[in-house]
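>>> test case, fold it:
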Amino acid sequence: MKYLYTFILILTFATISYSQYDIRAGMGISFGATPSLTDYLNQNFEPANQQLKIFGSAIVFSGEGGYLLNNHYEIGVELAYLINSYNLSYDIGNYRLSYNIIMPTFVNYYVIKGQGYDFKFGGGVGPRFVSVNQQLPGTISGVTFTSTGFGFLARADGNTTLGGDFYANIGVDLRYDFNGKPKNGSTYIHNNVYNQDVNLNSLSATIRLGVSYIF
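Model prediction:
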């Protein structure tokens with residue numbers, strides 16, 4: 001038993017000696033495909049000569065706190081916020097659809113550290129919280145639809161020193177999110193052409209820039 005206690009003590013002191021905190025904030029551009037939503041907009045609202053492309057862009061803001069357990073392993077929790085919108089004008093009024101997705105993610109990293117820089121490669125999973133607001137032409141207010149889901153993240157991240165404990169951060173994310181079918185009560189956003197409810201499941205890649213504080 002004493003050998004077990006000795007091992008636990010050694011592991012604890014080793015973890016403390018390597019421990020380090022990493023706080024990051026930034027924003028990025030996400031390029032993604034949301035097929036169900038794109039089909040709905042193209043088939044119901046977009047003119048034939050102005051059809052939306054399969055891939056579109058959105059803005060993503062994010063912040064993350066990380067804890068370096070040893071020289072090569074870090075755990076982190078990220079909170080990302082994606083926003084996007086569509087607007088079209090008709091004789092009878094405007095069509096507007098906007099949505100935001102709150103994306104908490106628990107991330108594990110493999111870390112390569114050097115003098116004044118580090119690279120991190122990792123992945124994670126977390127819940128997704130979706131809110132969609134749709135205003136149809138001829139109406140004076142929008143209707144909000146919500147859903148919950150989950151998503152997966154793969155990431156490559158780099159930090160280079162700006163001076164002291166501050167670092168410039170650049171990263172690339174690849175996400176697949178099962179965002180579900182937003183609804184208001186028992187009412188879904190429905191695509192009458194396909195006779196199916198719209199989901200916001202998406203595949204996306206994001207390029208991020210930001211600042212890290214590592215201490």
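>>> only C-alpha atoms, please: export stretch 106-124 in PDB.
Backbone C-alpha positions of stretch 106-124 (Å, rounded to 0.1, in the frame of the first residue of the first chain) are rendered in PDB as follows:
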ATOM      1  CA  PHE A 106     -14.800  20.200 -23.500                       C
ATOM      2  CA  VAL A 107     -11.400  19.900 -25.300                       C
ATOM      3  CA  ASN A 108      -8.300  17.700 -24.900                       C
ATOM      4  CA  TYR A 109      -5.000  18.800 -26.400                       C
ATOM      5  CA  TYR A 110      -1.600  17.400 -27.300                       C
ATOM      6  CA  VAL A 111       0.900  20.300 -26.700                       C
ATOM      7  CA  ILE A 112       4.200  21.000 -28.300                       C
ATOM      8  CA  LYS A 113       6.000  23.800 -26.400                       C
ATOM      9  CA  GLY A 114       9.000  25.900 -27.400                       C
ATOM     10  CA  GLN A 115      10.700  29.100 -26.400                       C
ATOM     11  CA  GLY A 116       8.100  31.800 -26.900                       C
ATOM     12  CA  TYR A 117       5.600  29.600 -28.700                       C
ATOM     13  CA  ASP A 118       3.400  26.500 -28.600                       C
ATOM     14  CA  PHE A 119       1.300  24.300 -30.800                       C
ATOM     15  CA  LYS A 120      -1.800  22.400 -29.700                       C
ATOM     16  CA  PHE A 121      -3.700  19.700 -31.500                       C
ATOM     17  CA  GLY A 122      -6.900  18.300 -30.100                       C
ATOM     18  CA  GLY A 123     -10.600  17.600 -30.200                       C
ATOM     19  CA  GLY A 124     -13.700  17.600 -28.000                       C
END
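>>> which residues touch that stretch?
Identification of contacts with stretch 106-124 by C-beta atoms under 8 Å, 6 or more residues apart in numbering yields 64, 66, 68, 71-78, 105, 125-126, 152-161, 167. For the C-beta atoms, the positions are set from N, CA and C on the backbone; glycine is no exception.
>>> ditto for stretch 55-71
With C-beta under 8 Å, 6+ apart, stretch 55-71 has contacts from 14-15, 18-34, 38, 74-84, 107, 109, 111, 113, 204, 206, 208, 210.
>>> which of those residues are buried?
With neighbours counted using 16 or more other C-beta atoms under 10 Å, these contain these buried positions: 20, 22, 24, 26, 28, 30, 32, 34, 38, 74, 76, 78, 80, 82, 84, 107, 109, 111, 204, 206, 208, 210.
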